[in-house]
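Enquirer: pasting the sequence and the predicted model now:
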Amino acid sequence: MVILDTNAIKIIIILVTFILSAMPLHRAVKFLKGKTNFPKTLLITLVSGLIISILSSLIKIYIGIISSIVLIWIYKKSFKLKWTKAFIVWIIQIILIIISSIIFGLLISIILKLPFFS
């Protein structure tokens with residue numbers, strides 16, 4: 001029997017969350033015929049997250065607008081999209097994240113109501 005310590009479990013959760021967070025972006029880019037593969041999408045997700053984090057620590061005013069524009073620009077350059085398609089990818093990604101969050105929340109609430117977890 002394999003027993004994982006809490007640090008290993010945390011790392012696994014972070015990796016799974018990271019992979020799941022890249023899926024909406026990947027689907028949106030593929031839907032709009034952008035040039036990508038899943039490892040590239042993972043890399044872009046990591047790099048864009050780092051860039052947005054750095055920007056938000058340096059710039060305190062209008063960071064939501066600035067980070068959105070930077071993110072759309074990253075999508076435009078990375079996936080070889082036009083501005084309009086990069087913007088649509090950004091919107092589709094947000095919509096897919098909202099839908100998947102709702103579904104995930106519903107699944108968790110259903111699972112937690114099972115007698116095994118009571």
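Expert: Okay, I see it. Residues are numbered from 1 along each chain as shown.

Enquirer: pLDDT below threshold where in this protein?
Expert: 1-2, 4, 116-118 (pLDDT under 70).

Enquirer: now the helix or strand containing residue 10: buried residues?
Expert: Assessed by DSSP states H and E, residue 10 sits inside helix 6-31. Buried residues in helix 6-31, counting neighbours by 16 or more other Cβ atoms under 10 Å, are found at 21-26, 28-30. Quick note: C-beta positions are derived from backbone N, CA and C, even for glycine.

Enquirer: so what's the residue nearest the centre of the chain up against?
Expert: Nearest to the mean C-alpha position of the chain, by Cα atoms, centre = their mean, lies residue 21 at 3.1 Å. Each residue near residue 21 by Cβ atoms under 8 Å, 6 or more residues apart in numbering is listed here: 45, 97.

Enquirer: likewise for the one 5 residues further on?
Expert: Contacts were defined as Cβ under 8 Å, 6+ apart; by that measure residue 26 touches 36, 38, 41.

Enquirer: pretty sure the first one is touching residue 28, no?
Expert: No - applying Cβ atoms under 8 Å as the test, residue 36 and residue 28 come out as separate, 9.9 Å apart.

Enquirer: circling back to that earlier point, next SSE after the helix holding residue 10?
Expert: Downstream of helix 6-31, the next assigned helix or strand under DSSP H and E is helix 38-58.
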